[in-house]
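fold the following, please.
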Amino acid sequence: MKNSVDVRTLLNVYEKVKTQGQAIEMGNQLEDIQCIEDHDGYRVSLSDGNVSLDINFHNTYHFHTMNEDPDSVINQTTTEFHNNNEQQIQAFIHKLHELDKKY
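Residues are numbered from 1 along each chain as shown. Predicted structure coming up:
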């Protein structure tokens, strides 16, 4: 994936969702972005239901999409599968940037 994002921005959005969002069962939610923190605080997650993002200790991160496994997606070539995931991730990153600007 060609995702190059600033971890500082991701953590800034996480903090905004955590402090300005509403409490939900598993964390907090601001607009359609949810945040969750591990019990030890070494990993935080942001999600919109289609894409989730884990931000780990040492500022590493990993995106997950709803259709992680290309073999489970019927009638898509591998290229279409990767392009679809990339589009979902780019849309998610855009949402995070917009949230960061707005709050």
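
assumed residue 53 was part of a strand.
Yes: according to DSSP: H, G, I helix; E, B strand; the rest coil, residue 53 belongs to a strand.

now do the helix-or-strand element of the chain with minimal mean pLDDT: distance to the chain's middle.
One helix or strand of the chain scores below all others by mean pLDDT, DSSP states H and E: helix 78-102, with a mean of 86. Offset of helix 78-102 from its chain centre (C-alpha atoms, centre = their mean, to the nearest Å): 9 Å.

pLDDT wise, what is residue 76 at?
Note for residue 76: predicted pLDDT of 56.

nope, residue 66 is what I was after
pLDDT for residue 66: 77.

and for the one 5 residues further on?
We note a pLDDT of 55 for residue 71 in this prediction.

so which elements touch the least confident helix or strand of the chain?
helix 7-20, strand 33-37, strand 51-56, strand 60-65 (3 or more C-beta pairs under 8 Å, 6 or more residues apart in numbering; DSSP states H and E). The C-beta positions use only the backbone N, C-alpha and C, and glycine is treated the same way.

am I right that residue 10 is in contact with residue 60?
No: the pair residue 10 and residue 60 fails to qualify as a contact (C-beta atoms under 8 Å) at a distance of 11.0 Å.
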